[in-house]
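# Quick one, what's the 3D model for this:
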Amino acid sequence: MNDPIHSGGSQGSVAVVIPCYRETANILSVLAKIGDTVDMIFVVDDACPDGTGAHVRDNCSDPRVDVTVLERNLGVGGATMAGYRKALESGAEVIVKLDGDGQMDPALIPKLVRPIFAGRADYTKGNRFYNSDTVSAMPGLRLLGNLLLSFASKTSSGYWHIFDPTNGYTAIHRKVLEQLPFSRISKGFFFESDMLFRLNIARAVVVDIPMPAIYNSEESSLRISRILLPFMARHTSNLFRRIVYSYFLRDFTIASVELVIGLILVVFGTLTGAYFWHESNATGVPATTGQVILAALPFLVGSQLLISFLNFDTSNRPDRPLHLDL
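Numbering: from 1, shown residues only. Next up is the predicted model:
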């Protein structure tokens, strides 16, 4: 395959995985727009009630297309991983995940895979917030929800430099994909965010690719108001696990010490201050200067240590693509 995306890096095949649920209205037009950069296309029918897989088999003659119909609905993450397994079996070097609802332009596939073939990234993903002109097309509630989820994802995944974590337009190198624990990755809408957490644990390099925000007549099944609180809970869990693994199990640095001592001092200062305030309020006797210092000083020192830890964490991102060493 002679394609400019392979210049500057090792050549290899590209596969596209398209998880589908109720996509008969858009899937054929999406498939028709996938260019010759792609060698294989795996359409995964996630037990669609409208028979998306059968619709593709009956109406698409593209020899690159392989259709899998799941016996039961696994969710977008489960369907994507089913497609990932097929793509790995096919020998594809880079695997793109593309939705079938028409909101992701297949013409962007070369941009997604280019940094991986060039040895600059292990995983690339779309970012609809890169250009302010395209963000204006995004509904207000979705925009606000994505801002909150993006910040939560930064803290839980450790990739402070990326944005738009729920964006499902992604590409990954097969060697990195093979390192991920498929059985532990979320199978629902949290899939993309959980992938980022798993990629950070593996120390993979992730790069954002600017893309426009496209909204058509297809109604999205992702409701920000419905998933915001569950997502926050999952992000909190991943944050705790990332911190424990990255700073206490895999490595132990001065940042680890700053985190522990900082937390102890902040908690001590807060509880001490609360106790003195309660005692003063109950007795009517103002707290002494010593009592104020005893509460304030640990809190201030602890806060500075936590800020120092946060500064270390925001800069502690992988800089060498993992797949180059596998």
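
# following the lowest-mean-pLDDT helix or strand in the chain, which helix or strand shows up next?
Using mean pLDDT, DSSP states H and E, helix 132-135 stands out as the lowest-scoring helix or strand of the chain, at a mean of 67. The helix or strand immediately downstream of helix 132-135 is helix 140-157, counting by DSSP states H and E.

# packing partners for that following helix?
The contact analysis (3 or more Cβ pairs under 8 Å, 6 or more residues apart in numbering; DSSP states H and E) places helix 140-157 against helix 191-202, helix 224-244. C-beta: built from backbone N, CA, C; applies to glycine.

# what helices or strands is the next helix or strand after it leaning on?
Downstream of helix 140-157, the next assigned helix or strand under DSSP H and E is strand 170-173. Judged by 3+ Cβ pairs under 8 Å, 6+ apart, strand 170-173 is in contact with strand 94-97, helix 109-117, strand 123-127.

# ok, and what's touching strand 170-173?
Strand 170-173 is contacted by residues 93-97, 109, 112-113, 116, 122-126, 192, 195, 321, 323 when judged by Cβ atoms under 8 Å, 6 or more residues apart in numbering.

# ok, it: who's next to it in the sheet?
strand 94-97 (antiparallel), strand 123-127 (antiparallel) (DSSP bridges).

# now the longest one and helix 140-157, what's the angle there?
This means strand 123-127. Put simply, strand 123-127 runs at 150 degrees to helix 140-157, going by axes from the mean of the first three to the mean of the last three Cα atoms, to 10 degrees.

# so strand 123-127 versus helix 191-202, what angle?
In terms of direction (the same axes, to 10 degrees), strand 123-127 departs from helix 191-202 by 140 degrees.

# Can you tell me what sits against strand 123-127?
So strand 123-127 is contacted by 104, 108, 112-113, 115-116, 162-164, 167-173, 176, 192, 195, 199, 204-211 (Cβ under 8 Å, 6+ apart).

# filter these to the buried ones?
Taking 16 or more other Cβ atoms under 10 Å as the criterion, what is buried in the contacts of strand 123-127 is 104, 108, 112-113, 115-116, 162-164, 167-173, 176, 192, 195, 199, 204-209, 211.

# just to revisit the earlier point, can you tell which of the helices and strands packed on helix 140-157 is closest to residue 285?
helix 224-244 (39.8 Å; Cβ to Cβ).

# Could I get the buried residue list for the closest one?
For helix 224-244, by 16+ other Cβ under 10 Å, it's 224, 227, 231, 234, 235, 238, 239, 242, 243.

# Could you chop the protein up by domain?
As recorded under automatic domain parsing, the domains making up the chain are 4-233, 252-315.

# Lowest average confidence across the ones you listed, which one?
With a mean of 89, domain 4-233 has the lowest mean pLDDT of these.
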